[in-house]
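Asks: can't give you the sequence, but here's the structure:
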């Protein structure tokens, strides 16, 4: 079961309201690599995991992601402070007129892109930075431990890079500190999941069927008949950075099926 | 640019029509780990990739996934042959009556779950096996090579396992052979992407910001105050399978922020 | 911040595996009136609420809904035990053949409708009972306390009725007991939110603008010119069950705008 | 059956074109609390309602919401008049250049956020103010009268507040008058549905199962073990504003299930 | 403005309850070619149409589609009569047990696929036959009359064929009569829109830019280098059934751009 | 099977980076009338088409649309060159500060609306111009040749007009040339599909059921009882531009069903 303590896991600092940055930060609230997607990925895996250690790890990290979701929410509220979206319920405003007259600071102008925040009363909505509602289609849980842990390592990589990009887009020392905390925890999670993945024998490829040996090491890049042959660049990249021994197949059409379509 | 040859990349065999299995196979046509999702993941990465070798690899594999999409489509059409969905445009049918009278074989009964196929005229629709339409929310491209390649390795793992499950659910030797071809190619792609990932220095974690050393190796699992302390199982799993040296933090509430929410 | 204890809030009992019922129960996992929708409704309100008491209430109940989500997940896993979806990763099965040969119990047949569960490895997915992925479009948070609390009272009513219907569809004493716990808690939440709503003066209608007195009490039901006049049944229902004094307007066309469209 | 008269229900006035405000107003066209969502909520309830009076009321109000949808559409078209989106089909324009040269009025700049309007030829699209397409996930119809009427009262509250916020964001007397009409009608509908809800005995909680008396009045807020105990603020809010007599449970972990997860 | 008369436009007859057919018929309620999609397509066009005649036509037909939506809803309710979904609110049922014991008629078994109907209390939901919620993505309105009218002619063709398929899947004389009415009206609408399209000069292609003469008549089918050349079947089909004079281009690679990607 | 050649089908020229225009152009990448929607419409039809000529045509054009998708992607990447989204991975930037200080060119300001591009690392995402993810709901394939070909002719009309609007919104000679190529090819496809449609006898209306003669030529526009009668403008438009001979029905209520709803 879950419990909640009203303290934040870490100080959430925002030195300056900034509705435009709030709009970007929505990406980590209700976006594909955001905190809700992370929490739901690990929960749906944890509830379905028969191994005690892995279940415990999945639920520990899922719980922490919910605490991060809360920190992102707090950041969003602080970034929107003083923006029209906060004032709209108290004052019969006329900021559009003021804006067009040049009486309003520039960041108000930018905040016009955040329609849902305005209409939503100043608080965070579960959308990405473009306003697309969060969908469970973001959750790639499969119910097979080796595949799922690999998905988790990849998801933490994407979340880390997204925080990094947001940090680089900000001039606000408070925001940078807050996001640095969140980015660092994604690094920790990536390492923890990598360790759990390493503990599973035969995790690459996952599952119990082996497929065909030769076909499993073919690199297919069909010749398009213009006398130049297909590019071998991708093949060389794979060949030079592994010991699997791939074989180049430039003529898939020649040994294709004789079947007609249908 | 793309070119198309009317031959299939490999013989598509289906020994017996089977609308119920067709419904399941839709998962690899318009589902989250299916061939369209794979093709679009690698295309959106390839078009945005400045490195020649990686771009070439991404477009080679994206192209192959489209050829696989075609094989899945052909399988679906053959599995639906003789099903009511095929007959519905030619005959003013009354198979529902026949069905209730027990005059129809059992698989027809099962096919009733495939409503969209029936109304779609017997052909494949871009949905998953439950009828949810394909969405670009499945495509987790980020535009950062190390993160994207890691996502690709994970995606191939999920695709491989999904084909394995479908193979295990089938009694049809033709279907099994077709799906084994497709599963094997996912293994090949997983290895090719892993090699490309290995060629990137500093790919774990990806990006240029390092985060905090200590916080990046904390394992957080808060005590819930029932005198038992938190479980350490997840921590032990991570600790014993890596050399990073994690530190266990069982009291995140104690050193949490003193900030109130808002 | 959030904490997690591995104990369930209440014993989750399932006396018999039942994949068909599992499919229905998904409605309360990833459906519009399910536990994730409830948790996210109250969280998004709580993070945006300046009043201490209301914020505390919203986060208390949001947290409890997450504990319920966990109980529903556990129920789903137990309902699917022994179903093909559980076996599919261990055995190269041929249950479809067995099924058609009549060697499998009937509930296996029914489970074929739960495609995603099968392909998902036996665990719960964040969809409704028809396979539609959870979407933040279910969360009707507005950021205005009187409107939001009224939405919460209504949402708890819908959740209570959904559990009631599921209880009536089950013959399993364990399942009934589990769902009765969850249904009862929705009743408690409905009362708690109603009390909080009552504490807000001027909550009906919410907001600070009053609108026009007369227009705010008109009941409009236009005559369609067939000599019968419009039905007054709806008007009478409103009039007889309130003291607002509505006025019936059967001729909206007569005093409509003279504007042309565009 | 439905009939249509080309007159608007009320004069739609827009004194100044304003593409930025048009973008915000889309919220009431294709957004979650907009007129289409309202119309579809009452229609799906009305078609499924065996009680004559309630069905009549639901269809009367559903019909009126369609007339409102038309008024919002007309407002949108007038707000976009003179904007690039109107000109784009007649003239091979170069307004982007003019815009960058500072030759265009400021509201044109703002209209660039309304991409779909531009590409859609100047007319309204069924999206919310951020461009997310309308989805039936907004319609919370359940088919149980007491729950549905309560949802309707809540939905009218949200719609009223959304119009109020839009009115406060506008300086245009015509727009304010138009939106005031629409807002006032939401107040009328809220009262009409409240009267209908009051006519149903035993509407709180709805349904026929009672749940457990004691569990139905517990307020659960678990102690997180940091020596402070859980906050009682939410409990006090509920207790002081009702006569139900709630009981505070601060130790849900202590009397939780001994079951392990799974 | 809209008005509503409680009479149906045409007698809705259903001779036998049939939940399985109800599930299929949902396609025309909340599916891509259903009545709501049609009504919204014409409304969004009509509100944006400056020509009086076309606007009048669009709103006339949109209004009729709403009356059809009502007829489909009534059909759905009658098809579900006596099904478990109707009984679920009155009786603490145990039909699942009865079903497994073979005490229930077969169509009840089939109705288990209609989960949302069961949980929705027996009434229609705005989904397609697979449970995917209606989305405004189905509405292809562009705001250019010649393109929109052509879309309407095509949409009526799809709606007609969908009704035809449903008619062929039914043995119920009442249902067949009802659906025949609806199908016939789609034929009428297709002809009406075709007439309106014919009244626009220069409707093929629509718009004011002409493109390049030669490129506008090329048929491109690239040779894939396997010595067979590309198939010319598609080219011949176009050439033999028109007088435009297409030119076959089998070597697009040869005269492609010399640009590298990126 | 598919093959890929690294050359673009036609030179992609962009003379000036322009993030604001890139946002608009997304409409043809991941929007409803864009190149992916076109490719998937023709593929799903082609895989399901028993006629050799039509299947060949559908796959030829589907393949070409993929080559166009690649050209749009290349355009997007070039339009975003030099925008903040490109710099964000290399430099710990502070462009927001520069922007507010007025040190950045105006188009950077506009690009702030393109949140996903920024966070996506500068590359194209499969969304429309407002950020709504691509969905298979855009694909209106039915599996009936006459209906599908008519949908294709309409879809090409919409795509042509969308390119035309984009061309009119651009001042960039390179962009105009690139988009003119793509627009012209949509014209060619529209003609090719029209020829194929003409080759099918009895394509209007499609299908094998005829419906009722008289009802199939009624034009229904109900009188709303305000003494003016219904408008006959739509009827006259249909009557004067066809030889079908429609009949005007202004009194549908009079000969409506006597059934009550339900």
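Replies: Thanks, I have it. Everything quoted here is computed from the prediction, not taken from an experiment. Numbers count the residues shown, from 1 in each chain, chains lettered A, B, ... in the order given.
Asks: stretch A:144-152 and chain B, are they touching?
Replies: Yes. Residues of stretch A:144-152 contacting chain B under Cβ under 8 Å from any Cβ of the partner chain: A:144, A:146, A:147, A:150, A:151. From N, CA and C alone the C-beta is placed, and that goes for glycine too.
Asks: model confidence score at the first one, please.
Replies: To tie it back to what came earlier, the one meant is residue A:144. Listed pLDDT for residue A:144 reads 87.
Asks: can you tell me, leaving aside adjacent residues, what's nearest to it?
Replies: residue B:161 (4.7 Å; Cβ to Cβ, 6 or more residues apart in numbering or on different chains).
Asks: chain center to the host helix or strand of residue A:45: distance?
Replies: Residue A:45 belongs to helix A:35-46 when assigned by DSSP states H and E. Relative to its parent chain, helix A:35-46 has a centroid offset of 12 Å by Cα atoms, centre = their mean, to the nearest Å.
Asks: what angle separates it from helix C:35-46?
Replies: 150 degrees (axes from the mean of the first three to the mean of the last three Cα atoms, to 10 degrees).
Asks: contacting residues around residue A:72?
Replies: Residue A:72 makes contact with A:25, A:28, A:29, A:34, A:35, A:124, A:182, according to Cβ atoms under 8 Å, 6 or more residues apart in numbering or on different chains.
Asks: can I have the buried ones of those as a ChimeraX selection?
Replies: To isolate the buried members of the contacts of residue A:72 in ChimeraX, using 16 or more other Cβ atoms under 10 Å in any protein chain shown:
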select /A:25,28,29,34,35,124,182
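Asks: count the neighbours of the residue nearest to residue A:144 for me.
Replies: Residues lying near residue B:161 (other Cβ atoms under 10 Å in any protein chain shown) number 27.
Asks: ok, now which ones touch it?
Replies: If a contact means Cβ under 8 Å, 6+ apart, then residue B:161 has A:142, A:144, A:147, A:206, A:207 as its contacts.
Asks: is it in a helix, a strand, or coil?
Replies: Secondary structure assignment for residue B:161 (DSSP: H, G, I helix; E, B strand; the rest coil): helix.
Asks: how many neighbouring residues does residue A:254 have?
Replies: For residue A:254, the tally of surrounding residues (other Cβ under 10 Å) stands at 13.
Asks: ok, and the closest non-adjacent residue to it?
Replies: Nearest non-adjacent residue to residue A:254, counting by Cβ to Cβ, 6+ apart: residue E:226, 6.3 Å away.
Asks: name the helix or strand for the one you found, please.
Replies: Residue E:226 is part of no helix or strand, with elements assigned from DSSP H and E.
Asks: can you give me the pLDDT of it?
Replies: Note on residue E:226: pLDDT of 73.
Asks: okay but it is in contact with residue B:5, surely?
Replies: Yes. Using Cβ atoms under 8 Å, residue E:226 makes contact with residue B:5 at a distance of 6.6 Å.
Asks: looking at the two, which has the bigger crowd around it?
Replies: Neighbour count, other Cβ under 10 Å: between residue E:226 and residue B:5, residue B:5 has more, with 26 against 18.
Asks: excluding chain neighbours, what is closest to that one?
Replies: Among residues not flanking residue B:5 along the chain, residue E:224 sits closest, at 4.2 Å (Cβ to Cβ, 6+ apart).
Asks: residues touching the residue nearest to residue A:163 when sequence neighbours are not counted, list them.
Replies: Nearest residue to residue A:163, sequence neighbours excluded (Cβ to Cβ, 6+ apart): residue A:183, at 3.6 Å. Applying Cβ under 8 Å, 6+ apart to residue A:183 gives the contacts A:160, A:163, A:164, A:167, B:209, B:211.
Asks: ok, so what distance separates the fifth one from residue A:152?
Replies: Read it as residue B:209. Look at residue B:209 and residue A:152: by Cβ to Cβ, to the nearest Å, they are 21 Å apart.
Asks: and those two? which has more neighbours close in?
Replies: For residue B:209 versus residue A:152, neighbours defined as other Cβ under 10 Å are more numerous around residue A:152 (27 against 18).
Asks: wait, what's in contact with the more buried one?
Replies: Each residue near residue A:152 by Cβ under 8 Å, 6+ apart is listed here: A:41, A:42, A:45, A:189, A:193.
Asks: ok, which of the residues you listed also contact chain C?
Replies: Applying Cβ under 8 Å from any Cβ to these, those adjacent to chain C are residue A:45.
Asks: turn the contacts of residue A:152 into CSV, including distance to chain D.
Replies: Formatted as CSV, the contacts of residue A:152 follow (distance: Cβ to the nearest Cβ, whole Å):
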residue, distance to chain D
A:41, 17
A:42, 13
A:45, 12
A:189, 20
A:193, 19
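Asks: what residues does chain A put near chain E?
Replies: Within chain A, the positions lying close to chain E (Cβ under 8 Å from any Cβ) are A:222, A:223, A:224, A:225, A:226, A:253, A:254.
Asks: between these, which is nearest chain D?
Replies: Nearest to chain D among the residues of chain A next to chain E is residue A:224, at 34.2 Å by Cβ to the nearest Cβ.
Asks: what's the burial count for that closest one?
Replies: Neighbour tally, residue A:224, other Cβ under 10 Å: 26.
Asks: would you map the strands across the stretch 151-262 of chain A?
Replies: For the stretch 151-262 of chain A, applying DSSP state E, counting those that start in this stretch gives strands covering A:218-220, A:247-249.
Asks: including distance to residue B:12 and mean neighbour count, could those go into JSON lines?
Replies: Below are these laid out as JSON lines (distance: least, Cβ to Cβ, whole Å; neighbours: other Cβ atoms under 10 Å in any protein chain shown):
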{"stretch": "strand A:218-220", "distance to residue B:12": "17", "mean neighbour count": "22"}
{"stretch": "strand A:247-249", "distance to residue B:12": "19", "mean neighbour count": "15"}
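Asks: of those, which is nearest chain B?
Replies: Closest approach to chain B among the strands of the stretch 151-262 of chain A (Cβ to the nearest Cβ): strand A:218-220, 5.5 Å.
Asks: residue of chain A closest to chain F, please.
Replies: Here the residue of chain A nearest chain F is residue A:130; by Cβ to the nearest Cβ that distance is 2.5 Å.
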